[in-house]
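Undergrad: coords please:
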Amino acid sequence: MFKNKSYIGISFIILIFGIYAVPKIVDRIKNGEIVKGNRLDNVGLKSSKSDAKLLTIGPAPKFELTNQDNAKVSNETYKGKVYVLEFFFTTCPSICPKMNLSMLEIEKTFFGNPNFGIVSITIDPAHDTPQVLKDHAKLLGVKSSNWNFLTGDKATIMDLSNKGFNLYAGENAKVNGGFEHSGLFALIDKDGNIRCRKDEFGNPILYYDGLDKKGVRDIQEDIKILLEE
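TA: Reported below is the predicted structural model:
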């Protein structure tokens, strides 16, 4: 008997709720007020905007060197552009071939965008003359007119790498090729600032690993962010 009364009471509550609430829900559906698309979009945009914020490390070092067409190229050449910068040398037998493939992937992703460029600076300028660099670019299949291969004074380039960007480069007769250097890529924004994302611990990564698939994927994602700024 008690159970029957309980069931009757619960049924009565449900009936009252239905009489009161269902018409309101139906009206909201008709008016399109339930889970409006723009409300969902706003949530997504806020999340991506927060995640997409890149750190500003500081102004990139100034440079003026000679490219594969024997023309002067400087940091001012890239003013208003997002660009990736690396140090390499054409006869490198170790990490450079992998770096080349990574840069070619980046070039392909942003090919045709006038606001993006690449700078590859040789650390072996005695060998890597403008003509050698031109032949190297042709061998790689470089298509972008905004990808400059640069050469110049050796001491200036070594200072630019080691002291300017804090990317290691040096001579070592004991290693294949006679030079050692970093496989990292620097990302520079339209205002000439070095930019980067944070690592999993919230620390700036400073530079992107050009030898790692994740590093190459990350820098492409962040280039897109900077191009939209």
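Undergrad: residue ranges with poor pLDDT in the chain?
TA: Under the criterion pLDDT under 70, the flagged ranges of the chain are 1-52.
Undergrad: residues contacting the spatially most central residue of it?
TA: Among the residues of the chain, the one closest to the centroid is residue 219, at 2.3 Å (C-alpha atoms, centre = their mean). Residue 219 makes contact with 84, 106, 185, 187, 208 under the criterion C-beta atoms under 8 Å, 6 or more residues apart in numbering. Using the backbone N, CA and C atoms, a C-beta is placed for each residue, glycine as well.
Undergrad: before we move on, what about residue 181?
TA: Residue 181 touches 87, 88, 89, 92, 95, 123, 161, 167, 168, 169, 170, counting by C-beta under 8 Å, 6+ apart.
Undergrad: backbone dihedrals for the nearest residue to it once chain neighbours are set aside, please?
TA: The shortest distance from residue 181 to any non-neighbouring residue, by C-beta to C-beta, 6 or more residues apart in numbering, is to residue 169 (4.2 Å). Taking degrees, to the nearest 10, you get phi -150, psi 140 for the backbone angles of residue 169.
Undergrad: helices along this structure, start to end?
TA: 2-31, 37-51, 96-110, 130-140, 154-159, 213-228 (DSSP state H).
Undergrad: the fourth one to helix 96-110, inter-axis angle?
TA: It refers to helix 130-140. 70 degrees (axes from the mean of the first three to the mean of the last three C-alpha atoms, to 10 degrees).
Undergrad: check which helices and strands helix 130-140 sits against.
TA: Applying 3 or more C-beta pairs under 8 Å, 6 or more residues apart in numbering; DSSP states H and E, we find helix 130-140 packed against strand 147-150.
Undergrad: summarise which helices and strands the strand it packs on is packed against.
TA: strand 116-122, helix 130-140.
Undergrad: which of the ones you listed is buried the deepest?
TA: strand 116-122 (a mean of 25; mean count of other C-beta atoms under 10 Å).
Undergrad: and that strand, what other elements does it pack with?
TA: The contact analysis (3+ C-beta pairs under 8 Å, 6+ apart) places strand 116-122 against strand 82-88, helix 96-110, strand 147-150.
Undergrad: contact partners of the first one?
TA: Outside of strand 82-88, the residues that reach it under the criterion C-beta under 8 Å, 6+ apart are 60, 96, 99-100, 103, 106, 115-123, 146, 157, 161, 165, 167, 169, 181-182, 184-190, 210, 219, 223, 226-227.
Undergrad: just the buried members of these?
TA: Buried members of the contacts of strand 82-88, counted by 16 or more other C-beta atoms under 10 Å: 60, 96, 99-100, 103, 106, 116-123, 146, 157, 161, 165, 167, 169, 181-182, 184-190, 210, 219, 223, 226.
Undergrad: can I get the contacts of residue 219 in a markdown table with distance to residue 55?
TA: Shown next, in a markdown table, are the contacts of residue 219 (distance: C-beta to C-beta, whole Å):
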| residue | distance to residue 55 |
| --- | --- |
| 84 | 16 |
| 106 | 20 |
| 185 | 16 |
| 187 | 11 |
| 208 | 13 |
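Undergrad: and which of those residues is nearest residue 127?
TA: Using C-beta to C-beta, residue 185 is the member of these that lies nearest residue 127, at 22.6 Å.
Undergrad: which residues does the closest one contact?
TA: Residue 185 touches 84, 85, 86, 99, 102, 103, 207, 208, 209, 210, 215, 219, counting by C-beta under 8 Å, 6+ apart.
Undergrad: these two touch, right, the fourth one and residue 208?
TA: No. With contacts defined as C-beta atoms under 8 Å, residue 99 does not count as touching residue 208, sitting 11.2 Å away.
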